[in-house]
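Novice: structure of the sequence below:
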Amino acid sequence: MKITIVGVSMTSSQKVYLHKIVTLNPEKFYTQDFALDFLLKLAGDSEKKRTFLTKLYKGTHIRKRHTVIDDYDKDPSEYTFYPKTPTLQPEPSTAVRNDLYIKEAKQLTLKATKQLLDDTPEFERSKVTHLITVSCTGFVAPGLDFYLVRDLGLSPTIHRTNIGFMGCQGAFPALKMARDICFADSDARVLVINVELCSVHIQQREELDVQVSNAIFADGISAALISSHYNDVRGNKFILDKFATSFAADTENDMAWRIGDQGFLMKLSVYVPQIVKENIKPLMDNLFEHSEIKQEDIDIWAIHPGGRAILERCQEALDITKEDLDSSYRIMEEYGNMSSTTIMFVLADILDHPAKKGNVFAAAFGPGITVEAGLMEKIID
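Specialist: Residues are numbered from 1 along each chain as shown. Take a look at the predicted model:
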């Protein structure tokens with residue numbers, strides 16, 4: 001399949017550091033076994049549907065997922081999100097879902113960003129110059145960036161940018177933008193905040209892609225600090241090197257994310273893992289053409305765990321092992337697919353691992369089908 005290379009960012013002798021990543025989830029979580037049992041009750045006596053759901057949920061290799069919805073283990077009379085009926089019908093409207101997103105996203109992004117700043121007391125929050133927020137699971141204006149600046153007492157002159165509705169690859173444009181800002185202004189300090197509350201869009205529809213989405217997506221938040229000053233924060237960090245992006249021709253209908261009347265609608269064809277497999281190595285090779293390192297120099301692999309099949313196809317395409325993707329598999333098992341936040345969880349896991357250091361290849365995938373990738377270096381401090 002033909003790949004269209006959109007661009008590789010310019011090189012610079014200046015180093016830009018991803019200092020720290022704080023990850024956060026809603027307190028409520030449900031095991032995958034609980035989710036399956038809940039859905040089997042809704043499925044009634046349809047043996048075909050029960051068999052399908054069992055195979056689907058058991059095959060995800062996900063242990064638990066976090067959500068801002070806490071109705072599922074309550075009596076219907078106590079529901080606060082769904083109608084007070086055992087069938088969850090009629091389903092909440094997009095407006096109701098987005099209202100829940102606004103309420104929870106404001107609280108959770110504030111908590112994560114405050115934790116990031118509290119965990120780095122050596123860094124003066126007054127030095128923050130830019131704030132980038134990333135989300136594809138809800139909308140509000142003024143945006144989450146506005147509320148973060150206001151509620152954290154940051155300067156109202158901070159430059160604010162929102163990267164919205166891009167999908168699971170959204171962290172990469174944010175990191176690339178933060179890196180380029182720091183290249184352009186050595187005094188810049190950039191906060192990158194990802195928030196994805198995918199669970200607010202779970203729907204009772206019969207389409208296969210909706211059923212698969214219901215089985216893998218979850219909620220997560222991350223907060224990160226980027227600057228060109230090594231000593232801004234103590235501890236392990238990444239050097240952000242080069243980034244590249246591409247999209248596979250004629251695949252816009254294989255993965256799509258649209259707004260419906262009862263929530264956002266995911267289009268997810270069965271061909272996605274194979275499309276990712278065909279596209280990830282050409283993009284990686286393009287990165288190496290603009291770098292002094294090659295594939296044999298990669299010490300750490302950070303692949304967005306969009307699902308078990310995607311990770312397996314990436315292993316085949318890149319000729320790497322499951323052990324090479326241990327952070328990706330671990331995040332998928334413990335948290336599911338949290339859209340754009342997921343790769344930040346993977347990078348945080350790698351950053352916190354005391355034995356891992358060296359060159360990093362990272363990648364994520366989203367609607368288009370778009371593939372984003374980056375080269376980094378983890379250094380131990």
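Novice: only C-alpha atoms from now on, for both contacts and neighbour counts.
Specialist: OK.
Novice: quick one: low-confidence ranges for the chain?
Specialist: Along the chain, the model assigns pLDDT under 70 to residues 1-13.
Novice: which other helices and strands contact the helix ranked longest in it?
Specialist: Identified as the longest helix of the chain according to DSSP state H is helix 94-118. On a contact count with 3 or more C-alpha pairs under 8 Å, 6 or more residues apart in numbering; DSSP states H and E, helix 94-118 meets strand 17-24, helix 144-151, strand 189-197, strand 219-227, strand 263-268.
Novice: can you give me the buried ones in the helix or strand just after that helix?
Specialist: Counting by DSSP states H and E, the next helix or strand C-terminal to helix 94-118 is strand 130-135. Within strand 130-135, the residues that count as buried by 16 or more other C-alpha atoms under 10 Å are 130, 131, 132, 133, 134, 135.
Novice: given strand 130-135, what are its sheet partners and their directions?
Specialist: strand 159-164 (parallel), strand 189-197 (parallel) (DSSP bridges).
Novice: picking that back up, name the residues that touch the longest helix of the chain?
Specialist: Identification of contacts with helix 94-118 by C-alpha atoms under 8 Å, 6 or more residues apart in numbering yields 20-26, 68, 123, 125, 137-140, 144, 147-148, 151-152, 193-195, 197, 200-201, 221-224, 260-264.
Novice: let's see that with 6 Å instead.
Specialist: With contacts defined as C-alpha atoms under 6 Å, 6 or more residues apart in numbering, helix 94-118 is touched by 22, 138, 148, 200, 223, 261, 262, 263.
Novice: my read: the last one touches residue 200, true?
Specialist: No: counting by C-alpha atoms under 6 Å, residue 200 is not a contact partner of residue 263; they are 7.6 Å apart.
Novice: looking at these two, which is more packed in?
Specialist: Remark: of residue 263 and residue 200, residue 200 carries more neighbours, 25 against 22, as counted by other C-alpha atoms under 10 Å.
Novice: hmm, back to that, which of the contacts of helix 94-118 count as buried?
Specialist: Applying 16+ other C-alpha under 10 Å to the contacts of helix 94-118 flags 22, 138, 148, 200, 223, 262, 263 as buried.
Novice: next, the contact list for the fourth one, please.
Specialist: To tie it back to what came earlier, the one meant is residue 200. With C-alpha under 6 Å, 6+ apart, residue 200 has these contacts: residue 97.
Novice: show the backbone phi and psi for it.
Specialist: Residue 200 adopts backbone torsions of phi -70, psi -10, taken as degrees, to the nearest 10.
Novice: distance of it from residue 21?
Specialist: Distance, residue 200 to residue 21, by C-alpha to C-alpha, to the nearest Å: 25 Å.
Novice: how about the third one?
Specialist: Computed as C-alpha to C-alpha, the residue 148 to residue 21 distance reads 17 Å.
Novice: again, but for the second one
Specialist: As judged by C-alpha to C-alpha, residue 138 and residue 21 stand 22 Å apart.
Novice: now, which of the contacts of helix 94-118 sits nearest residue 351?
Specialist: Distance to residue 351 across those (C-alpha to C-alpha) is lowest for residue 22, with 10.7 Å.
Novice: what are the bridge partners for the closest one, then?
Specialist: What pairs with residue 22, by the bridge criterion (DSSP bridges), is residue 223.
Novice: if we can go back for a sec, biggest separation within the buried residues of strand 130-135, which pair?
Specialist: Using C-alpha to C-alpha, those reach their maximum pairwise distance at 130 and 135, which is 16.9 Å.
Novice: helix/strand/coil for residue 65?
Specialist: At residue 65 the chain is in strand, as set by DSSP: H, G, I helix; E, B strand; the rest coil.
Novice: correct me, but it touches residue 337?
Specialist: No: contact criterion C-alpha under 6 Å: residue 65 and residue 337 do not qualify, at 8.6 Å.
Novice: find residues that contact each of those two.
Specialist: Common neighbours of residue 65 and residue 337 (C-alpha under 6 Å, 6+ apart) are residue 218.
Novice: buried residues in stretch 26-34, which are they?
Specialist: 26, 29, 32.
Novice: revised request: answer the last question for stretch 285-301.
Specialist: Using 16+ other C-alpha under 10 Å as the test for burial, stretch 285-301 gives 287, 300, 301.
Novice: so which of these are in helices?
Specialist: Using DSSP H, the buried residues of stretch 285-301 in helices are residue 287.
Novice: from the buried residues of stretch 285-301, which is closest to residue 163?
Specialist: residue 287 (23.3 Å).
Novice: bridged to the nearest residue to the closest one once chain neighbours are set aside, which residues?
Specialist: Counting by C-alpha to C-alpha, 6 or more residues apart in numbering, residue 287 lies nearest to residue 244, which is 6.5 Å off, once chain neighbours are set aside. Note on residue 244: beta-bridge partners by DSSP bridges are residue 8, residue 373.
Novice: for residue 191, same thing?
Specialist: residue 131, residue 225.
Novice: so it touches residue 225, yeah?
Specialist: Yes: using C-alpha under 6 Å, residue 191 is in contact with residue 225, at 4.8 Å.
Novice: quick one, which of these two is more surrounded?
Specialist: Legend: neighbour count by other C-alpha under 10 Å for residue 191 and residue 225, higher for residue 225 (26 against 23).
Novice: and the gap between that one and residue 74?
Specialist: Distance from residue 225 to residue 74, by C-alpha to C-alpha: 39 Å.
Novice: try residue 243
Specialist: Distance from residue 243 to residue 74, by C-alpha to C-alpha: 46 Å.
Novice: okay, the two: which has more neighbours?
Specialist: With other C-alpha under 10 Å as the criterion, residue 243 and residue 74 differ in neighbour count, and residue 243 comes out ahead with 27 against 10.
Novice: before we move on, the earlier item: redo the strands paired with strand 130-135 as a markdown table? Include distance to residue 293.
Specialist: Converted to a markdown table, those look like this (distance: least, C-alpha to C-alpha, whole Å):
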| stretch | distance to residue 293 |
| --- | --- |
| strand 159-164 | 30 |
| strand 189-197 | 27 |
